[in-house]
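>>> using only what follows, build the 3D model:
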Amino acid sequence: MELISIIVPCYNQAQYLDECLQSVLDQTYANWECIIVDDGSQDNTKEVANKWGALDTRFKYIYKLNGGLSSARNSGVSAAKGEFILPLDADDYISVDYLTLAMNQFNLNSNLKLVYSLAQKFGEINSLWELESFSLKKLAETNIVFCSGVYRKKDWINVGGYDVNMIYGLEDWEFWIALLKKGGEVYRINKICFFYRIKTVSMITSLNHSQKKEMIKYINIKHVDFFIEHLGTFYDLNNKINFEKKKTERKLKSKKYVLKLFLQTFFKLNIQIQ
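As a prediction, the model looks like this:
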C-alpha cells in the first residue's frame with residue numbers, strides 16, 4: 001500500500017483546520033501522512049496542528065515564514081515521504097473514501113498522472129460544483145480541476161513544483177498545465193469526494209481584474225506551446241473572433257432575427273412577472 005502525503009497549507013485559517021484534518025483522519029485508506037504547513041500564521045494554527053499531532057503521529061507540523069500558497073505547498077511536498085501527493089487547503093475537506101478510490105484508479109492504470117473527483121461547494125453557497133469533463137482543450141480555456149487532485153511526487157519534481165511567481169492565485173491551473181501538457185492520463189471519480197468552502201472573502205474573491213490579467217498573461221507566456229497546440233495561434237483566434245463578430249452583425253441586421261429575439265425576451269419577462 002503506497003504512502004500518500006496530504007499537504008495542508010495554512011495561513012490564518014486555524015478556525016477551519018479541525019474540520020479539514022478530521023476528514024483526513026477518517027480516511028478508509030490508512031497509509032497516509034498529513035503535513036500541515038504553517039505559512040507564517042498569526043493565529044493559533046500551531047496550537048491546533050500540534051493537537052492533531054498528539055492525537056495521531058501521522059500528522060506533522062512545519063512552520064515557515066510567509067511566502068504564499070505555492071511556496072507553502074512546495075515546502076510540504078519537499079518534506080513529504082509519500083510516492084503520491086494530495087494538496088488540501090485548510091478550509092476544505094474530503095470524503096472518507098477519496099484516497100481509497102483514487103489509489104484504486106492508479107493501481108488499475110499506470111499511465112495516470114492525475115486523479116480527482118466530482119466536487120461540492122459549501123459555506124456561503126451549497127451546490128454541486130459544475131466543472132466540465134476533462135480535456136486538454138478545456139484546460140487551455142480555463143481551469144477545470146480544483147487544487148485537490150492526487151498525483152505522483154516524481155511528477156511534481158519533474159515540472160519544478162508549484163510556480164512561486166503565481167503570487168495572486170491561479171497557481172493550481174498553472175501546475176496542472178505543467179503536469180499534463182506533455183502527456184499522461186487523467187481520471188475523474190464519478191462521486192463527490194471534495195468539498196470546497198465558499199467564503200465572502202477568500203484568495204480568489206480578492207483577486208482583482210488587473211491581478212488576474214497579470215497571472216493569465218504569465219501563464220500564457222510560460223506555456224505558449226500548450227495554448228497554441230490546443231487553441232490555435234493568435235492569428236487563428238483573431239480570425240475566429242472576427243468571424244463570430246460578423247455573423248452577429250448579420251443576424252442583428254435581419255428583421256426576422258431581431259423580432260424573434262424581442263419576442264423571446266418579452267415572453268420570458270412576462271412569465272417571470274406572473
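>>> only C-alpha atoms from now on, for both contacts and neighbour counts.
OK.
>>> relative to residue 1, how far out is the spatially most central residue of the chain?
Against the mean C-alpha coordinate of the chain, by CA atoms, centre = their mean, the closest residue is residue 146 at 2.3 Å. For residue 146, the distance to residue 1 equals 25 Å [CA to CA, to the nearest Å].
>>> and for residue 103?
With CA to CA as the criterion, residue 103 and residue 1 are 9 Å apart.
>>> quick one: which of those two has more around it?
Looking at residue 103 and residue 1 with other CA atoms under 10 Å, you find the greater number of neighbours at residue 103, namely 19 against 9.
>>> for the host helix or strand of the more buried one, buried residues please.
Under the criterion of DSSP states H and E, residue 103 resides in helix 98-108. For helix 98-108, the neighbour count (16 or more other CA atoms under 10 Å) marks 98, 99, 101, 102, 103, 105, 106 as buried.
>>> pLDDT and distance to residue 216 added to those residues, as CSV?
Converted to CSV, the buried residues of helix 98-108 look like this (pLDDT from 0 to 100; distance: CA to CA, whole Å):
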residue, pLDDT, distance to residue 216
98, 98, 31
99, 98, 31
101, 98, 33
102, 98, 30
103, 98, 32
105, 98, 32
106, 98, 31
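>>> of all those, which two lie farthest apart?
Farthest pair in those (CA to CA) is 98 and 106. Separation: 12.6 Å.
>>> just after the lengthiest strand in the chain, pick out the following helix or strand.
Counting residues, the longest strand found in the chain (DSSP state E) is strand 185-198. If you walk from strand 185-198 toward the C-terminus, the next helix or strand you reach (DSSP H and E) is helix 209-222.
>>> isn't residue 9 right up against residue 34?
No - in this structure residue 9 lies outside contact range of residue 34 using CA atoms under 8 Å: 10.5 Å.
>>> once you drop chain neighbours, what's closest to residue 98?
Of all residues beyond its chain neighbours, the one nearest residue 98 is residue 193 (5.5 Å), with distances taken as CA to CA, 6 or more residues apart in numbering.
>>> for the chain, which spans come out with low pLDDT?
For the chain, the stretches with pLDDT under 70 are 201-206, 234-274.
>>> which residues of it fall in helices?
For the chain, the helices defined by DSSP state H occupy 14-25, 45-55, 69-79, 98-108, 136-141, 153-159, 171-180, 209-222, 224-231, 234-253, 255-273.
>>> which secondary structure elements does the first one contact?
Packing partners of helix 14-25 (3 or more CA pairs under 8 Å, 6 or more residues apart in numbering; DSSP states H and E): helix 45-55, strand 93-94.
>>> reformat those as a markdown table; add distance to residue 126 and mean neighbour count.
Output for the helices and strands packed on helix 14-25, formatted as a markdown table (distance: least, CA to CA, whole Å; neighbours: other CA atoms under 10 Å):
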| stretch | distance to residue 126 | mean neighbour count |
| --- | --- | --- |
| helix 45-55 | 26 | 17 |
| strand 93-94 | 14 | 24 |
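>>> can you lay out those as CSV showing distance to residue 162?
Formatted as CSV, the helices and strands packed on helix 14-25 follow (distance: least, CA to CA, whole Å):
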stretch, distance to residue 162
helix 45-55, 23
strand 93-94, 21
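>>> distance-wise, check residue 233 relative to residue 220.
12 Å.
>>> mutual contacts of the two, please.
By CA atoms under 8 Å, 6 or more residues apart in numbering, residue 233 and residue 220 have these common neighbours: residue 227.
>>> thinking again about what came up before, the residue nearest to residue 98 against residue 94, yeah?
Yes - counting by CA under 8 Å, residue 94 is a contact partner of residue 193 at 5.5 Å.
>>> number of residues surrounding residue 84?
A count of neighbours around residue 84, defined by other CA under 10 Å, yields 22.
>>> and if you look at residue 7?
Neighbours of residue 7 under the rule other CA under 10 Å: 27.
>>> quick one: it and residue 1, what's the gap?
Relative to residue 1, and taking CA to CA, residue 7 is found at 19 Å.
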